[in-house]
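# Dropping a prediction and its sequence here:
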Amino acid sequence: MNLEFNKNDDAMRLAVSQMKQRLAVISLGGGKKTIEKNREKGKMTPRERIQYLVDKGSVFTELGAFAGYDMYKEHGGCPAGGTVAGLGYIHGRQCMIVANDNTVKAGAWFPITGKKNLRMQEIAMENHLPVIYLVDSAGVFLPMQDEIFPDKEHFGRIFRNNAQMSAMGITQIAAVLGSCVAGGAYLPIMSDETLMVEGNGSIFLAGPYLVKAAVGEDVDAQTLGGAKMHTEVSGIADYKFDTEQECLDQVRRIMDKIGEQPRMGYDRIKPVMPLKDAGEIYGLISPLNNKQYDVVDVIKCIVDGSEFDQFKEDYGKTIVCGYARVDGWAVGIVANQRKIVKSGKGEMQMGGVIYNDSADKAARFIMNCNQKKIPLIFLQDVTGFMVGSRSEQSGIIKDGAKLVNAVANSVVPKITIIIGNSYGAGNYAMCGKAYDPRFIYAWPNAKIAVMGGEQAAKTLLQIQVASLKAKGEVIDPEKEKEMLKEIIDRYDSQTSAYYAAARLWVDEIIDPTETRSVISEGINAANHSQVNKEFKMGVFQV
């Protein structure tokens with residue numbers, strides 16, 4: 001191994017370690033004291049509930065763990081967006097599991113909580129996955145109600161999705177393990193079956209204090225909306241249990257009896273491990289995303305048998321396309337090539353940049369994968385499209401539009417992994433969040449922005465300096481340096497993987513060695529979908 005590889009390896013391992021340390025803090029939710037108070041009431045943490053519910057030894061793919069990261073500081077924060085969610089297996093059936101975290105502001109919904117819950121429902125709807133709701137929430141976080149209540153993608157969309165999923169034949173089961181208040185009370189009742197824990201679970205449109213204020217009635221929470229009342233009087237709930245464990249056992253029994261559904265039929269054979277060790281990825285890519293590497297080496301650490309059949313290998317070399325298998329699943333891979341390469345015309349092409357020929361090749365490959373019903377994997381490390389008079393005259397906008405058209409209209413599942421930079425229109429062309437990937441992940445070193453930090457900072461600095469000079473202010477070189485550093489620091493913080501994951505621009509930040517696993521779980525989820533769309537391309541310049 002060379003010195004550069006070892007440096008990269010050390011830095012990436014440090015970045016992964018930092019990510020895991022942050023996850024450990026996030027997993028404490030509202031803190032140890034709140035967790036202990038809940039334990040006294042017989043309550044588990046949301047992650048403990050999920051671990052109890054899913055098959056022992058099975059994979060649970062958590063999604064949105066960094067939602068809300070470093071946000072809402074004035075309100076004490078909102079770890080994991082106040083919700084723990086992801087893909088898990090119950091009696092061998094892959095499900096979407098969504099659990100409120102009662103330790104975070106009593107499970108109240110912040111704006112990011114709504115966004116995360118809607119994203120989980122979107123994943124369930126796209127992939128026709130059963131949904132298990134583990135309900136324990138005080139409802140909307142009132143100090144921010146204007147940002148969570150009335151708009152199209154706000155709180156009410158949750159119940160609209162409940163109804164839509166029911167009409168689609170998607171199983172929804174709600175286990176009410178704590179409070180379920182106000183508008184949130186509709187969620188369990190719009191599910192197929194509702195289970196409640198006596199003493200802790202409650203469902204009502206208005207709690208005891210609001211009832212007293214509104215109609216002058218004195219009533220306690222269990223009389224108003226407890227498990228006994230709802231199973232014996234209102235008939236709203238279907239089952240009641242003394243403990244959470246008994247309640248979750250019943251969820252498992254229900255899931256065990258659900259009939260099989262048709263599958264999309266994506267091709268899978270017996271998996272073979274890569275010949276290359278997944279850990280080699282650590283040494284291939286600089287955590288600063290500023291060094292050359294061969295993306296084919298990365299691909300061979302992920303795919304079965306390290307076998308990768310390149311499509312148009314000698315053409316459009318700054319995007320690598322080809323067929324492979326990941327955990328047995330047939331896939332088409334579209335990846336940005338970061339090393340400097342020579343084009344067929346004898347010209348040197350910068351790595352990470354999309355040229356005319358690369359865009360043309362990738363668009364054709366995407367069309368082929370749609371024709372053959374092969375899921376697409378995008379590995380993003382892109383600085384954008386090539387600029388300059390020569391590129392413009394060659395029609396770079398036209399070829400870029402062709403690629404964007406193919407990505408936008410693709411009907412096979414798309415899974416995106418941001419393994420480095422994701423800048424400008426390159427983010428769009430390589431299936432960024434706006435292009436509906438079924439799942440989108442980022443490595444800890446990922447950067448997402450309209451352009452690179454240095455270029456952006458210098459552009460912003462020029463604008464600021466010109467504005468100050470227009471006002472008659474004199475800017476000396478030292479002051480200019482200070483301004484530049486301030487802009488770079490602010491810009492860099494807004495381009496990090498954590499900033500993106502906090503706002504759910506990506507579904508999760510992952511250890512690069514987990515890439516193979518999340519791709520496999522994503523395709524398995526997509527294989528449950530029952531919507532077989534026809535691939536069509538719109539009008540584009542030729």
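Cool, got the structure.

# okay, CA-based contacts and neighbour counts for the rest of this
Fine.

# which helices and strands does the host helix or strand of L14 pack with?
Secondary structure assignment for L14, by DSSP states H and E: helix 3-26. Helices and strands touching helix 3-26, by 3 or more CA pairs under 8 Å, 6 or more residues apart in numbering; DSSP states H and E, are helix 281-284.

# Can you verify my assumption that F308 contacts V298?
No - here F308 does not reach V298: they are 11.0 Å apart, not a contact under CA atoms under 8 Å.

# For the helix holding L14, output the C-alpha coordinates as CSV.
Written as CSV, here are the backbone C-alpha positions of helix 3-26 (Å, rounded to 0.1, in the frame of the first residue of the first chain):
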residue,chain,number,x,y,z
LEU,A,3,1.5,6.5,1.5
GLU,A,4,-1.5,8.2,-0.1
PHE,A,5,-3.6,5.1,0.4
ASN,A,6,-2.6,4.9,4.1
LYS,A,7,-3.4,8.6,4.6
ASN,A,8,-6.8,8.2,3.1
ASP,A,9,-7.5,5.0,5.1
ASP,A,10,-6.6,6.7,8.4
ALA,A,11,-8.7,9.8,7.6
MET,A,12,-11.8,7.9,6.4
ARG,A,13,-11.7,5.6,9.4
LEU,A,14,-11.6,8.7,11.6
ALA,A,15,-14.6,10.1,9.7
VAL,A,16,-16.5,6.9,10.2
SER,A,17,-15.6,6.8,13.9
GLN,A,18,-16.8,10.3,14.3
MET,A,19,-20.1,9.4,12.5
LYS,A,20,-20.6,6.5,14.9
GLN,A,21,-19.9,8.6,17.9
ARG,A,22,-22.5,11.1,16.8
LEU,A,23,-25.0,8.3,16.2
ALA,A,24,-24.4,7.0,19.7
VAL,A,25,-25.4,10.5,21.1
ILE,A,26,-28.4,10.6,18.8
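
# if you average pLDDT over that helix, what comes out?
When pLDDT is averaged over helix 3-26, the result is 96.

# packing partners for the following helix or strand past it?
Moving toward the C-terminus from helix 3-26, the next helix or strand (DSSP H and E) is helix 32-40. Using 3+ CA pairs under 8 Å, 6+ apart as the contact test, no helix or strand touches helix 32-40.

# Of all the residues in helix 32-40, which ones are buried?
T34, I35 (16 or more other CA atoms under 10 Å).

# and that helix, what's its mean pLDDT?
95.

# got the contact list for it?
Contact with helix 32-40 is made by L28, M44, T45, T103, as judged by CA atoms under 8 Å, 6 or more residues apart in numbering.

# then it to CSV, C-alphas only?
Extracted in CSV, the C-alpha atoms of helix 32-40 (Å, rounded to 0.1, in the frame of the first residue of the first chain):
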residue,chain,number,x,y,z
LYS,A,32,-30.6,9.2,30.0
LYS,A,33,-32.8,10.7,32.6
THR,A,34,-35.9,10.7,30.4
ILE,A,35,-35.1,7.2,29.3
GLU,A,36,-35.0,6.1,33.0
LYS,A,37,-38.3,7.8,33.8
ASN,A,38,-39.9,5.9,30.9
ARG,A,39,-38.4,2.6,32.1
GLU,A,40,-40.2,3.1,35.4
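
# Off-centre distance for the next helix or strand after that helix?
The first helix or strand that comes after helix 32-40 along the chain, using DSSP H and E, is helix 46-53. The chain centroid and the centroid of helix 46-53 are separated by 20 Å under CA atoms, centre = their mean, to the nearest Å.

# elements contacting helix 46-53?
Helix 46-53 is packed against strand 83-90, strand 93-100, helix 244-256, with contacts defined by 3+ CA pairs under 8 Å, 6+ apart.

# which parts of the second one are buried?
Neighbour counts over strand 93-100 (16+ other CA under 10 Å) mark Q94, C95, M96, I97, V98, A99, N100 as buried.

# check contacts around the third one.
It refers to M96. With contact taken as CA under 8 Å, 6+ apart, M96 is in contact with A85, G86, L87, G88, M120, A124, L129, P130, V131, I132.

# closest to I354 among those?
M120 (32.3 Å; CA to CA).

# where's that closest one relative to S496, distance?
M120 sits 23 Å away from S496, going by CA to CA, to the nearest Å.

# Could you double-check that S394 sits in contact with M386?
No - taking contacts as CA under 8 Å, S394 lies outside contact range of M386: 10.6 Å.

# So for these two, which sits in the more crowded spot?
When S394 and M386 are compared for neighbours, M386 comes out ahead with 20 against 12, by other CA atoms under 10 Å.

# Would you mind measuring from the more buried one to G424?
Counting by CA to CA, the gap from M386 to G424 is 11 Å.

# Would you state the helices of the stretch 401-542 of the chain in chain order?
Applying DSSP state H, counting those that start in this stretch to the stretch 401-542 of the chain gives helices spanning 424-429, 453-470, 477-495, 497-502, 515-526.

# So which of these is the most surrounded?
Compared across the helices of the stretch 401-542 of the chain, helix 497-502 shows the largest average neighbour count, a mean of 24 (mean count of other CA atoms under 10 Å).

# Which other helices and strands does that helix contact?
Looks like helix 497-502 contacts strand 447-449, strand 508-509 (3+ CA pairs under 8 Å, 6+ apart).

# rerun at 10 Å
The contact analysis (3 or more CA pairs under 10 Å, 6 or more residues apart in numbering; DSSP states H and E) places helix 497-502 against strand 414-423, strand 439-442, strand 447-449, helix 477-495, strand 508-509.

# Nearest to G400, out of the ones you listed?
Nearest of those to G400, taken as CA to CA: strand 414-423 at 14.2 Å.

# and the closest one, C-alpha only, in PDB?
As requested, the backbone C-alpha atoms of strand 414-423 are provided in PDB (Å, rounded to 0.1, in the frame of the first residue of the first chain):
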ATOM      1  CA  LYS A 414     -32.700   4.100  -8.700                       C
ATOM      2  CA  ILE A 415     -30.500   4.100  -5.700                       C
ATOM      3  CA  THR A 416     -28.000   6.900  -5.300                       C
ATOM      4  CA  ILE A 417     -24.800   6.900  -3.200                       C
ATOM      5  CA  ILE A 418     -22.900  10.200  -2.800                       C
ATOM      6  CA  ILE A 419     -19.300   9.000  -2.400                       C
ATOM      7  CA  GLY A 420     -17.600  12.400  -2.800                       C
ATOM      8  CA  ASN A 421     -18.700  15.700  -4.300                       C
ATOM      9  CA  SER A 422     -22.200  16.400  -5.600                       C
ATOM     10  CA  TYR A 423     -22.100  19.800  -7.200                       C
END
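
# average pLDDT for it?
Average pLDDT, strand 414-423: 97.

# try stretch 520-531
Stretch 520-531 comes out at a mean pLDDT of 94.

# Likewise for stretch 501-508?
The pLDDT scores in stretch 501-508 average 98.

# Could you export that stretch as PDB, CA atoms only?
C-alpha atoms of stretch 501-508 as PDB (Å, rounded to 0.1, in the frame of the first residue of the first chain):
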ATOM      1  CA  ALA A 501     -28.800  14.400   6.300                       C
ATOM      2  CA  ALA A 502     -30.200  16.800   8.900                       C
ATOM      3  CA  ARG A 503     -32.600  18.200   6.300                       C
ATOM      4  CA  LEU A 504     -33.200  14.800   4.700                       C
ATOM      5  CA  TRP A 505     -31.600  15.600   1.400                       C
ATOM      6  CA  VAL A 506     -30.100  12.100   1.900                       C
ATOM      7  CA  ASP A 507     -31.800   9.300   3.700                       C
ATOM      8  CA  GLU A 508     -28.800   8.400   5.800                       C
END
